[in-house]
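Trainee: Provide a 3D model corresponding to the input given below.
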Amino acid sequence: MATRQANIKGIVFLAEPLGTTLGGTALVSFDLVSTPYTGGADTIQLGGGGTDQGAVTSATLATLMQNRRRDGKTVTIFAASPGPAPGAQAAATNGPVLYPQSVAVSAGNVTLNLFSAYTAGSAATTTVAAWDRAGTVTVHFTAV
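Mentor: Got it, this is the predicted structure:
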């Protein structure tokens with residue numbers, strides 16, 4: 001089982017339901033950097049390696065979020081879940097849809113697997129790194 005690093009495409013802060021000084025929710029979009037992903041054998045990690053909008057980084061996802069906020073507060077990720085929009089792999093005609101599932105938080109980063117259906121799907125495999133549409137995860141955090 002290998003860990004594939006993601007390219008963080010964007011981070012959008014949706015709301016701060018815990019209060020403006022305590023944290024909230026962000027939508028993080030991603031695709032893969034260069035290595036194909038084998039469903040059932042690999043995991044994808046957002047943060048802790050890979051790239052941030054194409055620039056190589058070793059920063060955790062929490063640090064990337066913290067840098068985007070620019071308010072001097074420390075971001076701590078406490079939960080994550082599949083986002084509202086699945087990714088899509090590049091192909092000659094509408095590549096396969098890639099649904100993030102098994103989303104988990106570890107050491108300031110988010111890991112996930114890709115499936116071919118939103119629920120009860122089978123593991124998806126990407127044969128090329130190019131994607132037509134980035135995948136998304138919802139990240140819940142505190143900022144103090």
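Trainee: remind me which residues of this protein are low pLDDT?
Mentor: Within the chain, the segments meeting pLDDT under 70 span 17-21, 91-95, 119-120, 128-129.
Trainee: for it, what spans make up the strands?
Mentor: Under the criterion DSSP state E, the chain carries strands at the ranges 2-15, 23-32, 42-46, 51-52, 55-56, 75-82, 87-89, 97-106, 109-115, 131-133, 135-143.
Trainee: now those as CSV including mean neighbour count?
Mentor: For every residue, glycine as well, the C-beta is placed using N, CA and C. Below are the strands of the chain laid out as CSV (neighbours: other Cβ atoms under 10 Å):
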stretch, mean neighbour count
strand 2-15, 17
strand 23-32, 22
strand 42-46, 22
strand 51-52, 19
strand 55-56, 10
strand 75-82, 18
strand 87-89, 22
strand 97-106, 19
strand 109-115, 24
strand 131-133, 17
strand 135-143, 22
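Trainee: For residue 121, find the nearest of the ones you listed.
Mentor: Of all these, it is strand 109-115 that lies closest to residue 121, at 3.6 Å by Cβ to Cβ.
Trainee: that older thread, turn the strands of the chain into JSON lines, columns for distance to residue 65.
Mentor: Conversion of the strands of the chain to JSON lines gives the following (distance: least, Cβ to Cβ, whole Å):
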{"stretch": "strand 2-15", "distance to residue 65": "6"}
{"stretch": "strand 23-32", "distance to residue 65": "6"}
{"stretch": "strand 42-46", "distance to residue 65": "10"}
{"stretch": "strand 51-52", "distance to residue 65": "11"}
{"stretch": "strand 55-56", "distance to residue 65": "16"}
{"stretch": "strand 75-82", "distance to residue 65": "5"}
{"stretch": "strand 87-89", "distance to residue 65": "20"}
{"stretch": "strand 97-106", "distance to residue 65": "12"}
{"stretch": "strand 109-115", "distance to residue 65": "10"}
{"stretch": "strand 131-133", "distance to residue 65": "22"}
{"stretch": "strand 135-143", "distance to residue 65": "6"}
